[in-house]
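Here is a sequence together with a model predicted from it:
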Amino acid sequence: MAALRGDAVCICENAENPTGLFLSAESNQPPYESMLARIQQIATLLILLAASIVLLGVWRYSALLAVVLFCATLFSYSLLLAIQFSRLRWINADDPAPRASGPQLSLAWYREVVAVARVFLCWQPFCAKLHADNVAQTSAMQGRRGLVLVHGFLCNRAVWWRWYPELECQNIPFVAVNLEPVFGSIDAYTDTLDKAIRALQNATGVAPLMVCHSMGGLVARAFLRAHDKQAGVHHVVTIGSPHHGTRLGERLLHPQALKNAVQMRRGSAWLKALEQKEANLSNGNFTCYYSDCDNIVTPASAATLAGADNRLRKGVPHVALALDDKIIRETLAML
């Protein structure tokens, strides 16, 4: 095995690992284990249990009412999303980004209800291990630019589910990381990125493209700051990343319990320190996707960077941005 920095991760070059997966040196297994997945498995099963109890309890009185209450319990989070979207026109009123219309926000709410169900109730709890990283050290990989996929807050590598078929069909090298502990400091995740980047460089011989959703964009910036250079990264694509913080949860989160969430507050000490460190750096190697219907990163322009290639994706909500076909096509065209 050809070890990377430290002992945690290595690339296997022999018959013990013919697939070339991104392996853990200690367990000889891909690092796809996710504490978040286990938490979300329990949460999903509890929601299904509660919905089923409601269904069975009401069925003998009214089948129609039972089905309605079952769906209402299963999709109860849609009410919280409705509140978020109802506030967007007010939050973005003075923002330089275009404001979404009422119909656009309504459609975005529906898209986010569906996206959240897919990501948080299905893919992340139960599918995080189904698509292996593609970093085989073969002649076919040499000279091919790969992707490092970096998820956001309360997510794992399964959030890239819509990307995997295209990556596998084109045999594009990639590593999709899991950032844990779930509520750790953003700075603590940079070692995971370092190992993933080195894995792709070893497999392909070229600097990878880094693709980041939500908090993942801040992890990428923290990584570049820690290395004081491009650090072997060809380009960075951020998708709905709170580059200037977000209003969500500004007074709800305790610093000791949810370190990364507090770091993403608007005007946080962590963000100010990051911006000061970047004062002499150019953002020309960043492409930033942002949306007028982003219900998490608000206001909309908080997901942009001065000097970057900022691209507005109208009508697409936060989680759905990571699943958006247009963003996938445009990003893969950068390889």
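Everything's here; your move.

Please report the distance of the residue nearest in space to the middle of the chain from residue 260.
By Cα atoms, centre = their mean, the chain has its centre lying nearest to residue 151, at 2.5 Å. Relative to residue 260, residue 151 is positioned 12 Å away (Cβ to Cβ, to the nearest Å). Just so you know, the C-beta spots here come from the backbone N, C-alpha and C atoms, and that holds for glycine as well.

what residues are shared contacts of those two?
Common contact partners of residue 151 and residue 260 (Cβ atoms under 8 Å, 6 or more residues apart in numbering): residue 215.

What is the neighbour count of residue 166?
Using other Cβ atoms under 10 Å, residue 166 is surrounded by 14 other residues.

What of the one 5 residues further on?
The local packing of residue 171 (other Cβ under 10 Å) involves 12 other residues.

Verify the stated contact: it with residue 135.
No: if you go by Cβ atoms under 8 Å, residue 171 and residue 135 don't touch, sitting 11.8 Å apart.

For stretch 109-120, give me every contacting residue.
The set of residues external to stretch 109-120 that reach it, using Cβ under 8 Å, 6+ apart, is 40, 44, 75, 77-78, 81-82, 85, 154-155, 158-159, 161, 295, 316-320, 322-323.

can you rerun that using 7 Å?
The list of residues contacting stretch 109-120 from outside it, by Cβ atoms under 7 Å, 6 or more residues apart in numbering, reads 40, 75, 77-78, 81-82, 85, 159, 295, 317-320, 323.

Just the residues you listed: which are in helices?
Among the contacts of stretch 109-120, DSSP state H puts 40, 77, 78, 81, 82, 85, 318, 319, 320 in helices.

and the residue lying closest to the residue nearest to the centre of the chain once chain neighbours are set aside, what does it touch?
The spatially closest residue to residue 151, leaving aside those adjacent along the chain, is residue 159, at 4.8 Å (Cβ to Cβ, 6 or more residues apart in numbering). By Cβ under 7 Å, 6+ apart, the residues touching residue 159 are 119, 124, 151, 213, 322.

Could you rerun that using 10 Å?
Shown in contact with residue 159 (Cβ atoms under 10 Å, 6 or more residues apart in numbering): 115, 118-120, 123-124, 128, 149-152, 176, 213-214, 216, 319, 322-323.

Show me just the buried residues among those.
Buried members of the contacts of residue 159, scored by 16 or more other Cβ atoms under 10 Å, are 115, 118-120, 123-124, 128, 149-152, 176, 213-214, 216, 319, 322-323.

Helix, strand, or coil at residue 148?
Using DSSP: H, G, I helix; E, B strand; the rest coil, the structure places residue 148 in strand.

residues contacting it?
Per Cβ under 10 Å, 6+ apart, neighbours of residue 148: 133, 173-177, 192-193, 195-197, 199-200, 208-212, 216, 220, 223, 233, 236.

tell me the strands in the chain, going along the chain?
2-3, 9-11, 22-24, 147-150, 174-176, 209-213, 235-239, 286-290, 309-312 (DSSP state E).

Surely residue 267 touches residue 302?
No: applying Cβ atoms under 10 Å, one finds residue 267 not in contact with residue 302, separated by 11.1 Å.

joint contacts of the two?
244, 245.

okay, those two: which has more neighbours?
Between residue 267 and residue 302, counted using other Cβ under 10 Å, residue 302 has the larger neighbour count: 22 against 9.

Check residue 257 and give its pLDDT.
As predicted, residue 257 sits at a pLDDT of 69.

try residue 141
On the pLDDT scale, residue 141 gets 87.

who's in contact with it?
Counting by Cβ under 10 Å, 6+ apart, residue 141 has contacts 20, 134, 135, 171, 172, 173, 200, 202, 203, 204, 205, 206.

and of the residues you listed, the nearest to residue 106?
For the contacts of residue 141, the residue nearest residue 106 by Cβ to Cβ is residue 172; the value is 35.9 Å.
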